[in-house]
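1. quick one, fold the following:
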Amino acid sequence: MSALWIATVNVTDEEAYGRYAALATKAIAAGGGQILARGGRYVQLEGPDRPRNVVIRYPSVEAAEAVYNSELYQEALKHAKGASEREVVIIEEL
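-> Purely as a prediction, here's the structure:
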C-alpha cells in the first residue's frame, strides 16, 4: 500500500534550510517519492502553526522510511536541524 510522508515545518534559518531542501529533493526523487504539496496555501485548524507543510507519496511505508534513513537524506537533514522546528510522520494510505 502507498504511504504519505507528512511534514509540518517552521523554518528559522532560510539559507540553511535551502541547502536541506536541495538535497532532500534529490533523496525523495531517488526513493520514488512524489511531492503532492510543498508550501502553498493552508488553513491551520489545530495544533502548532507550521507555515511550511509537505506531503509526499511513496510506494510504501517501507520505501518512505528507507528514504528517511538513506545516506543522502541524512546528509540533507544535517542542514535542517537547528534551522527549523519540524514534525514528520509516515502513514499508510487506504
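
2. stretch 45-62: how far from the chain's middle?
-> 7 Å (Cα atoms, centre = their mean, to the nearest Å).

3. buried stuff in that stretch?
-> Across stretch 45-62, burial judged by 16 or more other Cβ atoms under 10 Å covers Arg50, Arg52, Asn53, Val54, Ile56, Arg57, Tyr58, Val61. Placement of C-beta: from N, CA and C, glycine included.

4. skip the chain neighbours and tell me the closest residue to the first one.
-> Which is Arg50. Thr8 (3.7 Å; Cβ to Cβ, 6 or more residues apart in numbering).

5. so the one you found touches Arg52, yeah?
-> Yes - look at Thr8 against Arg52 with Cβ atoms under 8 Å: they come within range, at 7.5 Å.

6. beta-bridge partners for Thr8, please?
-> In this entry, Thr8 is beta-bridged to Asn53, Glu87, by DSSP bridges.

7. from Val43, how far off is it?
-> Distance of Thr8 to Val43, given as Cβ to Cβ, to the nearest Å: 13 Å.

8. likewise Met1?
-> Distance from Met1 to Val43, by Cβ to Cβ: 28 Å.

9. quick one: contacts for Leu4?
-> Leu36, Val55, Ile56, Arg57, Tyr58, Ala64, Ile90, Ile91, Glu93 (Cβ atoms under 8 Å, 6 or more residues apart in numbering).

10. so of those, which ones are in strands?
-> Leu36, Val55, Ile56, Arg57, Tyr58, Ile90, Ile91 (DSSP state E).

11. so what's the third one up against?
-> What it means is Ile56. Leu4, Trp5, Ile28, Gly33, Gln34, Ile35, Leu36, Ala64.

12. ditto for Gly82
-> Thr12, Asp13, Ala16.
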